[in-house]
Structure formats: C-alpha cells, structure tokens
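A.B. asks: Predicted model and sequence below, questions to follow.
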Amino acid sequence: MDVANSATATSSSATCDAVKGEGNHMESVSGDLETNCWGCGLRVLVSRTASVFKCGWCGAITKQNVARSDSNYTRFRRLRDQCFVSIVLIFMLFFTCAGMWAVNPIIFSVSYFVGLLHITLAAILSISTLSSFCLAAFRSAGTPPMILWGSYPAVGKGGLENHTYCHFCSKPKPPRAHHCRSCGMCILDMDHHCPFIGNCVGAGNHRPFILFLISTVISTLYVALMTSFAALHIWPPLEDRHVGNFGGVVSTEFVYRVLKDNVLSFLRSAVFLSTRGLVLVYLFISSVSLGIGLSVLLWQQLSYIYVGKTYLSQLSAVDSEETMERDCQNLVRFFDCPYNAAVYLPSYWKSGKSHRK
C-alpha cells in the first residue's frame, strides 16, 4: 500500500471517526495511538480502546487486531464442491432418464396424445432445470469492482465510504460483500455458499439460483404425479379379503380393521412389482422428499428477497434497529420484471407502507 508522507497529508488526517465496538455509533476522539488508514494512507490518531475506526477523509473502516483465520482447507472445500456438483448432475440425468424409461410406455398405452404432451412438458422442465443449474453453478457469483485505494492523491473524499479491508484478498471490500473461504474471494451481496452448486449465491447468480429452485420444485411435483399415475396402472391386484359383518354398525374398530387389511394387502402386493414398478416407487419417494426440502428453501429465499435482504445480511441485522421496507416491489425488481408489472399484483401487496421488524 502506498502511504502519503507529505506534511499536508499528515495534517489533513488529524480528524477521524472512531467506532467503539461493532455497532454503528460513531464519535470523534483525540486518541494517543498513531496509525495509518489502509484506504488513503493518511495518518490518524485514534484511541487505544477503539477496536474499529472510520477515516474522516475516505470513509474507510478499519478493524484493528483482526486475526486472519487459517485457510488451509480451501483446496479441500473446492474438491468437495466439485464432487457435489458431479453427484447432482448425475442424479439429475438419472432422474430424467429413469423417469422417461419407466413412465413413457405406460402413458403412451393410455393415449398417444397424452404421451406427446407428457414428453413435451418433461422436456421443458428438464431443460429449464438443467440450464438454470448450470447458470447458478458456473456463472460468477459477483466479484467486487476494482477501486483505487492506498494513496491519498488517488482516493478522494468519501471514495471508500464504509469499505473494509479484506485480509484474505488484500483489497477493499464493499459494504454488502463478504469473503467466502470456499471460493477464496469476496462476493457481492453474498447470500450463502451452496456446496450443491459448488458456488456462492451472490449478486451475479442469485436469480438463476432462485429459478433453479422454482424449476426443481415444479419438476418434482410433476414427477410425483406422473409416477403415482403410472404405478397405479401396473400395480399388482390387491388380495380380496372379506371383512366380517358388524351388524350394520360402523365403529372405530371396524374402520381400523378395514384400513389395516388394505394397507397390509397393498404392501404384500408390492413384493410382486416388476423392475419398472420399483423404479416408479423410488422416483415417487425421492421426488416427494426432495420437493418438500427445496420448497422450504425456496420459501426462505423469497422471504429474504421480499424484505430486501440476503441470508448473511439478515444474520448481521438481527441485533440492529434497521428498518426495512417489505414490499412485493423487491420481488419485481429482483426478477427484473417491468415496473408496470406491479399493477397485476393484489391491492394489499402494492401497499407502500413499510413494516418495522
């Protein structure tokens, strides 16, 4: 870092803002510790008890006594992410091919038109899911822009407002950026690091990630419906068990016995399922469980977008008194829809009121 050593630069750095603790409360101090601002290189005097201070010229925030964590596991994390991405791709291809092999003959046996419609919908869902996954996994999550720093003549007044110094990347970090130890870089508007896509979810790929979740949830719902429909057509016939006469009175014991006999008969018939039937059962169970889990994740992500936050910013704002505007316009802007699209939203969603947490 270039440090300004002129007398003018030294005198102009006499005023700075010191931040005590991690909060946003700032106060002017005349301390007894001389140090340099990493942003502009000017000398500042701060209190020895101030763990965080803000430069009065460039606005850069300096956190003193920050210990750099060990990053020896970065290579292991990247290898883990590559394994997860390979497993997810293989699973998606298996899901698509197995579904086509198990469902198509049964659907076409019902109706040729229904079979063509099924193939068209399956192709659209498969392509949309795979393409959105590739965009989320292989697109850059959002690299902070290059910015001048380190020298007083180059850094203007407020040129690094609320920027901090990343000890891993050795360069300025914008206010809404976080350093990811798995990716080894700072990410703009970082939400979280997802090992299943082998990438961070940030400003560059947050929208493809949400589209991938939406497409996957719809696909799992469609697979569950089609596999259950196909399985019922090839399921072995149930045993015809006679239920005793209870004198025309339907009691709880009678209902329990009927349900028990039907369930047991259903399970016994599953033993005679063909290979196609077993694949259908596996696809149904997998699609239902995967759809439930991803639906919860999708709801959480949309909830954060609705309030204009990310997962990490939500965690950092838990103890703050920050007021956020909760509005469906956040969702419209996130998906890059035309602003006039809001006229199609319900009236109570278009309220301009802000809600306090």
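C.D. replies: Cool, got the structure.

A.B. asks: So, low pLDDT: which residues of the stretch 1-150 of the chain?
C.D. replies: Along the stretch 1-150 of the chain, segments meeting pLDDT under 70 span 1-32, 65-72.

A.B. asks: repeat for the stretch 251-357 of the chain
C.D. replies: In the predicted model of the stretch 251-357 of the chain, residues 251, 254, 262, 266-267, 270, 316-325, 327, 337-357 satisfy pLDDT under 70.

A.B. asks: hey, where'd the helices end up in it?
C.D. replies: Under the criterion DSSP state H, counting those that start in this stretch, the stretch 251-357 of the chain contains helices at 252-270, 275-306, 311-316, 329-334.

A.B. asks: Going by contacts, tell me the helices and strands next to the longest one.
C.D. replies: Which is helix 275-306. helix 74-110, helix 206-234, helix 311-316, helix 329-334 (3 or more C-beta pairs under 8 Å, 6 or more residues apart in numbering; DSSP states H and E). The C-beta positions use only the backbone N, C-alpha and C, and glycine is treated the same way.

A.B. asks: For His192, find the nearest of those helices.
C.D. replies: Among those, the nearest to His192 by C-beta to C-beta is helix 311-316 (5.0 Å).

A.B. asks: What residues sit buried inside the closest one?
C.D. replies: When burial is assessed from 16 or more other C-beta atoms under 10 Å, helix 311-316 yields the following buried residues: Leu312, Ser313.

A.B. asks: Contacts for that helix next, please.
C.D. replies: Applying C-beta atoms under 8 Å, 6 or more residues apart in numbering, the external contacts of helix 311-316 come out as Arg176, His178, Met190, Asp191, His192, Gln300, Tyr304, Val307.

A.B. asks: Phi first, then psi, for the closest residue to Arg176 other than its chain neighbours.
C.D. replies: Spatial nearest neighbour of Arg176, chain neighbours left out: Asp189 (5.2 Å); criterion: C-beta to C-beta, 6 or more residues apart in numbering. The phi/psi pair for Asp189 (degrees, to the nearest 10) reads phi 50, psi 50.

A.B. asks: Could you do the one 3 residues further on as well?
C.D. replies: With angles defined as degrees, to the nearest 10, His192 shows backbone torsions of phi -170, psi 170.

A.B. asks: do you know how far the residue lying closest to it once chain neighbours are set aside is from Ser111?
C.D. replies: Once flanking residues are discounted, His192 sits nearest to Tyr311: 5.0 Å by C-beta to C-beta, 6+ apart. For Tyr311, the distance to Ser111 equals 46 Å [C-beta to C-beta, to the nearest Å].

A.B. asks: Same question for Tyr165.
C.D. replies: Tyr165 is 66 Å from Ser111, by C-beta to C-beta.

A.B. asks: In terms of neighbours, single out the busier of these two.
C.D. replies: Tyr165 (20 against 11; other C-beta atoms under 10 Å).

A.B. asks: what sits against that one?
C.D. replies: Applying C-beta under 8 Å, 6+ apart, the residues contacting Tyr165 are Trp38, Gly39, Ala60, Thr62, Lys63, Lys171, Pro172, Lys173.

A.B. asks: Please name the residues that touch the first one.
C.D. replies: What that stands for is Trp38. By C-beta under 8 Å, 6+ apart, the contact set of Trp38 is Met1, Ala60, Thr62, Trp149, Gly150, Tyr165.

A.B. asks: Could you do the fourth one as well?
C.D. replies: Contact analysis of Thr62 by C-beta under 8 Å, 6+ apart lists Thr35, Cys37, Trp38, Gly39, Val52, Phe53, Lys54, Cys55, Thr164, Tyr165.

A.B. asks: Look at it and give its secondary structure.
C.D. replies: Here Thr62 is strand, with the state taken from DSSP: H, G, I helix; E, B strand; the rest coil.

A.B. asks: which residues does it form a beta bridge with?
C.D. replies: Phe53 (DSSP bridges).

A.B. asks: on that earlier part again, make JSON lines from the contacts of helix 311-316 and add neighbour count to it.
C.D. replies: Below are the contacts of helix 311-316 laid out as JSON lines (neighbours: other C-beta atoms under 10 Å):
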{"residue": "Arg176", "neighbour count": "18"}
{"residue": "His178", "neighbour count": "21"}
{"residue": "Met190", "neighbour count": "24"}
{"residue": "Asp191", "neighbour count": "25"}
{"residue": "His192", "neighbour count": "16"}
{"residue": "Gln300", "neighbour count": "13"}
{"residue": "Tyr304", "neighbour count": "16"}
{"residue": "Val307", "neighbour count": "16"}
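
A.B. asks: Quick check: Val44 is in a strand.
C.D. replies: Yes: counting by three-state DSSP, Val44 is part of a strand.

A.B. asks: From Glu34, how far out is it?
C.D. replies: According to C-beta to C-beta, Val44 and Glu34 sit 7 Å apart.

A.B. asks: now swap in Leu280 and tell me
C.D. replies: 74 Å.

A.B. asks: same thing with Ala60?
C.D. replies: From Ala60 to Glu34 the distance is 17 Å (C-beta to C-beta).

A.B. asks: just Arg43 next, same as before
C.D. replies: For Arg43, the distance to Glu34 equals 6 Å [C-beta to C-beta].

A.B. asks: got it, and Phe108?
C.D. replies: 81 Å.

A.B. asks: Would you mind listing the buried residues in stretch 181-195?
C.D. replies: Buried residues in stretch 181-195 (16+ other C-beta under 10 Å): Ser182, Cys183, Met185, Cys186, Ile187, Leu188, Asp189, Met190, Asp191, His192, His193, Cys194.
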